[in-house]
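S.K.: one predicted model, sequence on top.
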Amino acid sequence: NYPTRFDARETERALKGTGIEVPRLESYAPVIWDFWERHLDPDLFKDHSLKGTVEGKVCVITGATSGIGLATAEKLSEAGAILVIGARTKEKLDEVAAALEAKGGSVHAYQCDFSDMEDCDRFVKTVLDNHGHVDVLVNNAGRSIRRSLSLSFDRFHDFERTMQLNYFGSVRLIMGFAPSMLERHRGHVVNISSIGVLTNAPRFSAYVASKSALDAFSRCAASEWSDRNVTFTTINMPLVKTPMIAPTKIYDSVPTLSPEEAADLVTSAIVERPKRIATRLGIFTQVVHALAPKMGEIIMNTGYRMFPDSSPGVGGKSIERQKVSTEQVAFAAVMRGIHW
């Protein structure tokens, strides 16, 4: 994106009177470019497999005892990473660490409540004291709340607790590990975001707002640190069948990714380091919201009216245990992966 002007005036001045002329760039540039591509490109001899990317590298995964975090931890451990896992429950952490070590993995488990800023600071200090630096940080720990705004007027704490974990906790870790990444000119942050950020999913205002905040922070940070080889990837993850969505029984009848499929997206992010990973539907919906915002709003409202609220959001009534209609299944299939 930086147009270059090649200037040969100094060379022409030096050759003046010798009968030697400077050839046109177009006549020899392809040969030089071909030589560079074949012999000098620094990416030429890189191993672009997961093992070639993470073997011997310190990789931190938060929320690693279940769902996407656990599936990702298994893949990174198998690929030879020095795996650092964090979660709230020590018993589950120890169980996961023991299982991965039994398969030959190098695993280090540290208990941490990532919604507690002091606990985040302690986690960062412990990891840096024990491992010196972090090569890859996967911000996976998160909290989701499925509740209509009309049922949330007296639940401001829903917005506070999603921001506390999904945004502040992740930013605290990034800011804690970033100095050593910047000093080493090497580091990659993978943020597990949501397709809801692209689709403006109804009922998920608290969750989507917290993930949107992390997305915006990461874009700004990437702009500052691009020339220092500290990079960010945002994964706008579609609906994944994890313990986080288990309370919403209607999700048993709609298309979802498995944790293993979601982990494949995470490992792809670690290897390829793209700016964003999203489904085609997520990107299309974002385009619709940008070009025809009212139409996008109507589509989302249609889905909102078609699906019921979660029972905890309506005084414990089991309204969502009713049989899922054909229309709901069809709509969810067309809007595959979107949270409703």
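M.R.: Thanks, I have it. Since the model is a prediction, treat every value here as computed from it, not as a measurement.
S.K.: where along the stretch 101-250 of the chain do the helices fall?
M.R.: Along the stretch 101-250 of the chain, counting by DSSP state H, counting those that start in this stretch, helices occupy 117-131, 156-162, 170-184, 196-199, 205-225.
S.K.: what about residue 236, neighbour count?
M.R.: Applying other CB atoms under 10 Å, we find 24 residues neighbouring residue 236. Where you see a C-beta, it was placed from the backbone N, CA and C, and this is true even at glycine.
S.K.: who's in contact with the residue nearest to it when sequence neighbours are not counted?
M.R.: The shortest distance from residue 236 to any non-neighbouring residue, by CB to CB, 6 or more residues apart in numbering, is to residue 278 (4.0 Å). By CB atoms under 8 Å, 6 or more residues apart in numbering, residue 278 lies in contact with 195, 198, 235-236, 286.
S.K.: and residue 276, by the same measure?
M.R.: Residue 276 neighbours (CB under 8 Å, 6+ apart): 233-236.
S.K.: roughly how far is stretch 147-162 from the heart of the chain?
M.R.: Stretch 147-162 sits 25 Å away from the centroid of its parent chain (CA atoms, centre = their mean, to the nearest Å).
S.K.: for it, measure first residue to last.
M.R.: 13 Å (CA to CA, to the nearest Å).
S.K.: can you pull the phi/psi pair for the residue nearest to residue 236?
M.R.: Residue 278 adopts backbone torsions of phi -150, psi 160, taken as degrees, to the nearest 10.
S.K.: what distance do you get for it to residue 82?
M.R.: Remark: distance between residue 278 and residue 82 (CB to CB, to the nearest Å) = 29 Å.
S.K.: and what of residue 298?
M.R.: Residue 298 is 50 Å from residue 82, by CB to CB.
S.K.: who's more crowded, those two?
M.R.: The neighbour comparison of residue 298 against residue 82 (other CB under 10 Å) goes to residue 82, with 20 against 10.
S.K.: quick one: contacts for that one?
M.R.: Contacts of residue 82 by CB under 8 Å, 6+ apart are 56-59, 106, 108, 131.
S.K.: what does residue 172 give?
M.R.: With CB under 8 Å, 6+ apart, residue 172 has these contacts: 114, 117, 120-121, 124.
S.K.: same deal with residue 11?
M.R.: The contact partners of residue 11, taken as CB under 8 Å, 6+ apart, are residue 22.
S.K.: pLDDT below threshold where in the stretch 201-340 of the chain?
M.R.: Along the stretch 201-340 of the chain, segments meeting pLDDT under 70 span 243-255, 310-325, 328-340.
S.K.: for it, which segments count as strands?
M.R.: 230-237, 276-278 (DSSP state E, counting those that start in this stretch).
S.K.: hang on, the earlier thing: name the nearest of the contacts of residue 172 relative to residue 146.
M.R.: residue 114 (20.7 Å; CB to CB).
S.K.: right, I'll call it a day here.
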